[in-house]
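S.K.: sharing a model that was predicted from the sequence below.
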Amino acid sequence: MEVAGVSENTRMARYHPTEPKQAPDPQPQATYQRRPALGRWLAVLVLLLTVTVGLKLTVFNATYTAGVVSRSTVGERVINRLNNKLSDLGVTGNPVTASVAQPYLAMGVAQLYGQSANSVDATELTSAIETQASTDGVSASTSLTKSIAQRAEKLVTKTFNTTAMQTAASQLQWARQLNFYVLVAALLLTAVTVGYALSVHHFWAGLGPGLTLGGLLAVIVGVVGWFILPVMLPNTTTTVTHLLTSIGHSGLGVLIFVGGGEIVLGLLALLGHRTFRSA
């Protein structure tokens, strides 16, 4: 009976083989999808923002530009005339410095950009004259300091109201307006691009290449602009050409420095993203 039972089981196993269990299908692993076009587009936006914001804060900023003008031949001429006038009045030692004259020069630069010029606070100029007069052992009356402040305003107004300056002013105002429009367009495009990059979870992956390449492009634009700027300026007097060259070179120097910083930040972002992705 036992043998019959075993043979019966053998026959049943022969006609009804045990079906092997199917292994579960392996889940497809999520692969990292590179988007080099997004990184290149971010680099273009970084370049546009660096150039437009940099120009807005330097070349097209009256306060910043006044500091550059105060160290140029135009500013030195105004400062020397004021100090010569004070010397004739018995106050020697050149109390009018670049920092003291900068607010008055900012008034002239504002006129150059077509902006309304605010009244200048003469406190710093008055304090500098009174301090130097006390050192020289003379008295600086209120009428004296007031007359020097008025003379400073007249000198600046006369300096920036020449025909050559007004010709350059029209070009600068056009460039300033163009820079504003490009800045607004770049900000709008950046907002749309960042929203898209976040939606496809590729913001941090594109930030590193965008900053690195954009910073490199900004450095290249700054260096090239440094050398071709004198050629691009309108034909005018030597004084105005030197003034505009000094202003432009100062702004381009800032642009090159910021571009170098963006390269470093971009490389750090690339390294950080690659480290976290491989972890």
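M.R.: Structure received.
S.K.: okay, CA-based contacts and neighbour counts for the rest of this
M.R.: Fine.
S.K.: in this structure, which helix is the longest?
M.R.: helix 238-278 (DSSP state H).
S.K.: what helices and strands are in contact with it?
M.R.: helix 36-57, helix 62-70, helix 73-88, helix 163-199, helix 203-232 (3 or more Cα pairs under 8 Å, 6 or more residues apart in numbering; DSSP states H and E).
S.K.: rebuild those helices as TSV, extending it with mean neighbour count.
M.R.: Formatted as TSV, the helices and strands packed on helix 238-278 follow (neighbours: other Cα atoms under 10 Å):
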stretch	mean neighbour count
helix 36-57	20
helix 62-70	23
helix 73-88	18
helix 163-199	15
helix 203-232	20
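S.K.: list the contacts of the residue nearest to Glu76 when sequence neighbours are not counted.
M.R.: Spatial nearest neighbour of Glu76, excluding adjacent residues (Cα to Cα, 6 or more residues apart in numbering): Ser70 at 6.4 Å. For Ser70, the contacting residues are 76, 98-99, 101-102, 105, by Cα atoms under 8 Å, 6 or more residues apart in numbering.
S.K.: quick check on the residues you listed: which are buried?
M.R.: Buried members of the contacts of Ser70, counted by 16 or more other Cα atoms under 10 Å: 76, 98, 101-102, 105.
S.K.: now the residues you listed in TSV, with secondary structure?
M.R.: Formatted as TSV, the buried ones among the contacts of Ser70 follow (DSSP: H, G, I helix; E, B strand; the rest coil):
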residue	secondary structure
Glu76	helix
Ala98	helix
Ala101	helix
Gln102	helix
Leu105	helix
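S.K.: now render the residues you listed as CSV, adding distance to Asp88.
M.R.: Output for the buried ones among the contacts of Ser70, formatted as CSV (distance: Cα to Cα, whole Å):
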residue, distance to Asp88
Glu76, 18
Ala98, 20
Ala101, 19
Gln102, 23
Leu105, 23
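S.K.: now pLDDT and distance to Ser87 too, for those residues, in JSON lines please.
M.R.: What follows is the buried ones among the contacts of Ser70, written out as JSON lines (pLDDT from 0 to 100; distance: Cα to Cα, whole Å):
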{"residue": "Glu76", "pLDDT": "92", "distance to Ser87": "16"}
{"residue": "Ala98", "pLDDT": "91", "distance to Ser87": "17"}
{"residue": "Ala101", "pLDDT": "92", "distance to Ser87": "16"}
{"residue": "Gln102", "pLDDT": "91", "distance to Ser87": "20"}
{"residue": "Leu105", "pLDDT": "92", "distance to Ser87": "21"}
